[in-house]
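Trainee: sequence and predicted structure are below.
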Amino acid sequence: GENVEQHPSTLSVQEGDSAVIKCTYSDSASNYFPWYKQELGKGPQLIIDIRSNVGEKKDQRIAVTLNKTAKHFSLHITETQPEDSAVYFCAAGSGAGSYQLTFGKGTKLSVIP
Amino acid sequence: DAGITQSPRHKVTETGTPVTLRCHQTENHRYMYWYRQDPGHGLRLIHYSYGVKDTDKGEVSDGYSVSRSKTEDFLLTLESATSSQTSVYFCAISEAGQETQYFGPGTRLLVL
């Protein structure tokens, strides 16, 4: 089955700096890659996703890049703010049938004011 | 939380007792999922449903069963709870033909 590795497990940045979280996946059939943000005591919330026919996608301060050849994708957050502090999860899915997702183990991002 | 509610939100139970968690959606989405979240493991799929009375196993299904008698409700049952099932349980939904999954607020379960 699919295996998703996520790094780093913790990340501290100064407010205003950029943060980058990286994930690798093992199944070349995977074609959907979402990123979720989870705040303490809440459920994961989708923040951005990318499909395998696209190399990069941006939404304001958030961007995701995908390298299908190397089987890795990354989340980039620019101009970080304290409210960006949360746990971020990457996931990979094959889009076949039930659209099952395999998640990375998460990155705890702390933005220091 | 995309019209998803989970009940109860917190539960403490004893080893060996049966436990049922409920997920209710108001979005009329076809697919529903149960995940568990544990420190160091991220989110792992327990079971999922692709329609009323249609369910299948996920990565960590041992010790769990599910039922879906209505589009809006997906039940997760621990027939005989064990301490290893102490976890936070999340329900998710997705539309037919769409990969995006939306998550509920979670249920925190403690098995003593």
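Mentor: Cool, the structure landed.

Trainee: please report how far A:Ser26 lies from A:Lys57.
Mentor: Per CB to CB, to the nearest Å, A:Ser26 is found 22 Å from A:Lys57. Heads up, the C-betas are built off the backbone N, CA and C, glycines and all.

Trainee: repeat that for B:Thr26.
Mentor: Relative to A:Lys57, B:Thr26 is positioned 29 Å away (CB to CB).

Trainee: ok, A:Glu83 next?
Mentor: Counting by CB to CB, the separation of A:Glu83 from A:Lys57 is 21 Å.

Trainee: these two - which one has more neighbours?
Mentor: Set A:Glu83 next to A:Lys57 and count neighbours by other CB atoms under 10 Å in any protein chain shown: A:Lys57 wins out with 15 against 8.

Trainee: A:Asp49 is in contact with A:Val64, correct?
Mentor: Yes. Here A:Val64 reaches A:Asp49: they are 7.5 Å apart, a contact under CB atoms under 8 Å.

Trainee: now do the shared contacts for those two.
Mentor: Residues touching both A:Val64 and A:Asp49 (CB atoms under 8 Å, 6 or more residues apart in numbering or on different chains) are A:33, A:35, A:57.

Trainee: closest to B:Leu78 out of those residues?
Mentor: Within those, proximity to B:Leu78 (CB to CB) peaks at A:Trp35, which comes in at 30.4 Å.

Trainee: need the contact list for the closest one.
Mentor: For A:Trp35, the contacting residues are A:46-49, A:62, A:64, A:75, A:88-91, by CB under 8 Å, 6+ apart.

Trainee: so which of these are in strands?
Mentor: With DSSP state E as the criterion, strands contain A:46-49, A:62, A:64, A:75, A:88-91 from among these.

Trainee: is it possible to get a markdown table of these that adds pLDDT?
Mentor: Output for these, formatted as a markdown table (pLDDT from 0 to 100):
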| residue | pLDDT |
| --- | --- |
| A:Leu46 | 96 |
| A:Ile47 | 97 |
| A:Ile48 | 97 |
| A:Asp49 | 94 |
| A:Ile62 | 97 |
| A:Val64 | 97 |
| A:Leu75 | 98 |
| A:Tyr88 | 98 |
| A:Phe89 | 97 |
| A:Cys90 | 97 |
| A:Ala91 | 96 |
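
Trainee: how much space between the residue nearest the centre of chain B and B:Leu109?
Mentor: Centroid-nearest residue in chain B: B:Trp34, 3.0 Å away (criterion: CA atoms, centre = their mean). Separation of B:Trp34 from B:Leu109 (CB to CB): 12 Å.

Trainee: name the residues contacting each of those two.
Mentor: Any residue near both B:Trp34 and B:Leu109 by CB under 8 Å, 6+ apart counts here, and that gives B:21, B:89.

Trainee: give me the pLDDT value at residue 81.
Mentor: You didn't pick a chain, so chain A it is. A:Gln81 carries a pLDDT value of 97.

Trainee: chain B, not that one
Mentor: On pLDDT, B:Ala81 comes in at 96.

Trainee: over to the one 3 residues further on?
Mentor: On pLDDT, B:Ser84 comes in at 96.
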